[in-house]
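Student: Got a sequence here, can you model it:
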Amino acid sequence: KRADLPSKLSAWDVVDWSLSERNLPPQRDLHGRFGDPPITIYSGPRFHIDLYFWFEGTTAIHQHGFCGAFQVMLGSSIHSWYEFDRKEKVNTFFEIGDIRLKVCEILEVGDVQEIWGGRRYIHSLFHLDRPSATIVVRTDRSPIDLPQFSYEKPYIAVDPFFEQPSTIKKIQMMGTLLRAKRPDADEAIAGLLRESDLQTSFAILSSLRGALRSDQLKQMFSPEDSGVRFESLLNVVIERHGPKAAVLKQVFQHYEMLDEMVKRRSYVSDPEHRFFMALLLNVDRRTLIFDLVRHRFPGVDPVEKILDWVFDLAETRVVGIESTNALGIADFGETEMFALEGLLRDKSDERISEEFSSEHQSPAGRSIDTAIAAIRSSVIFRPLMKV
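Tutor: Alright, predicted model coming up:
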């Protein structure tokens, strides 16, 4: 904080330095697994300093196997803190419990966050601007804080760095069956899942989900067919492992929601609209969303601001997709806006219906009750429906 680096140099100064320097310090993440890209600008015997660029937001929730601090050098981010209440330790690298959001804030240039190892600091950063950049001063490793878990809402903690050669190779062979369009692919995968532990099953299903959504396989199967195939193989795991495996279904359902939200966000370019969509991606409570809107737009009623954004998105036409607007809700008009405002102001369905009837003698379009139901069931509005 005392160094106040953003006032003295920019992230672009680091880029210029990296290109002009004949010999760079030893690079701690040569292949860029974290950052887009990362660069080590100082490498010492007990700590090092990295600069990370970010061009895409990320919803990954994680803890750290090291200590240090980071500072925002460029752009801004939604910073979320979580806690994990462990219910069952399946093994050293895989746990089941409840993931809860504690604090959500917006970090801007100059803001500093301390990094603690282990479960004391479970967090995620969603980068709002393209690009964003953070500078990190960190130790190499804190052995007592390993494994370095990642968290998959709403129930799973998993070590993303755990590697078992036989499992990796079997997953690769599974991909070969799918890409070769073998008719017995699903049967072979089901057999593999029947012999696998829960952690391995999660790894297989995660890879399978990606494969079924790949461009090559989309040419072979409709999305509905892919969903049915995945559900069938997921059920194999649930049959084998029982209630413990049932939580995987909710994890993959959460993935589906995130995918839909990311897709919707890709349809818009206005910074305010992208900020709104980023909130919906990362924050699952209405009160916290309102707080972040107030932070970004002081003195503005968050409900009115959200309604303005929703109206704009309803009018944003997207060519080449089944739903005609960026919301993914067809025919989103006056009735839907009335219902949404009532829900955002925490009114009951009955009160919304009564107020609508008193103001609209012969309303056009769908009924107010149907509009309320459509909003409550919509993926995009789901975070706003939870107080």
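Student: contacting residues around H273?
Tutor: Residues near H273 by Cβ atoms under 8 Å, 6 or more residues apart in numbering: W309, D312, L313, T316, A326. Yep, even glycine has a C-beta here, placed from its N, CA and C like the rest.
Student: Filter the residues you listed down to the ones in strands?
Tutor: Judged by DSSP state E, the contacts of H273 include no members of strands.
Student: quick one: which of the residues you listed is nearest to M73?
Tutor: Of all the contacts of H273, the one with the least separation from M73 (Cβ to Cβ) is W309, at 28.4 Å.
Student: So, low pLDDT: which residues of the stretch 101-250 of the chain?
Tutor: 215-224 (pLDDT under 70).
Student: Switch the contacts of H273 over to JSON lines; also include pLDDT.
Tutor: Formatted as JSON lines, these follow (pLDDT from 0 to 100):
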{"residue": "W309", "pLDDT": "96"}
{"residue": "D312", "pLDDT": "94"}
{"residue": "L313", "pLDDT": "92"}
{"residue": "T316", "pLDDT": "84"}
{"residue": "A326", "pLDDT": "85"}
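Student: Please enumerate the strands of the stretch 251-387 of the chain.
Tutor: Counting by DSSP state E, counting those that start in this stretch, the stretch 251-387 of the chain has no strands to list.
Student: circling back to that earlier point, out of the contacts of H273, which are buried?
Tutor: W309, D312, L313, T316, A326 (16 or more other Cβ atoms under 10 Å).
Student: is it possible to export these to a markdown table including distance to Q172?
Tutor: Below are the buried ones among the contacts of H273 laid out as a markdown table (distance: Cβ to Cβ, whole Å):
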| residue | distance to Q172 |
| --- | --- |
| W309 | 43 |
| D312 | 45 |
| L313 | 41 |
| T316 | 41 |
| A326 | 37 |
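Student: Sort out for me which of those residues are in helices.
Tutor: Members of those lying in helices (criterion: DSSP state H): W309, D312, L313.
Student: Now the second one: closest residue in space, sequence neighbours ignored.
Tutor: Taking Cβ to Cβ, 6 or more residues apart in numbering, and ignoring the residues beside it in sequence, D312 has H273 as its nearest neighbour in space, at 6.4 Å.
Student: Check which element follows the helix or strand containing D13 along the chain.
Tutor: Per DSSP states H and E, D13 falls inside helix 11-20. Where DSSP H and E defines the elements, the next helix or strand beyond helix 11-20 is strand 38-43.
Student: Mind listing what's buried along the helix or strand following that following strand?
Tutor: Scanning forward in sequence from strand 38-43 by DSSP H and E, the next helix or strand is strand 47-54. If you call a residue buried by 16+ other Cβ under 10 Å, then strand 47-54 has these buried ones: H48, I49, D50, L51, Y52, F53, W54.
Student: on that earlier part again, quick check, pLDDT for the residue nearest to D312.
Tutor: H273 carries a pLDDT value of 93.
Student: same thing with I39?
Tutor: So I39 comes in at 96 (pLDDT).
Student: If you tally nearby residues, what's the number for it?
Tutor: Neighbour count for I39, taken as other Cβ atoms under 10 Å: 20.
Student: Wait, it touches S18, no?
Tutor: Yes: using Cβ atoms under 8 Å, I39 is in contact with S18, at 5.6 Å.
Student: Give the residues shared as contacts by these two.
Tutor: Residues touching both I39 and S18 (Cβ under 8 Å, 6+ apart) are L24.
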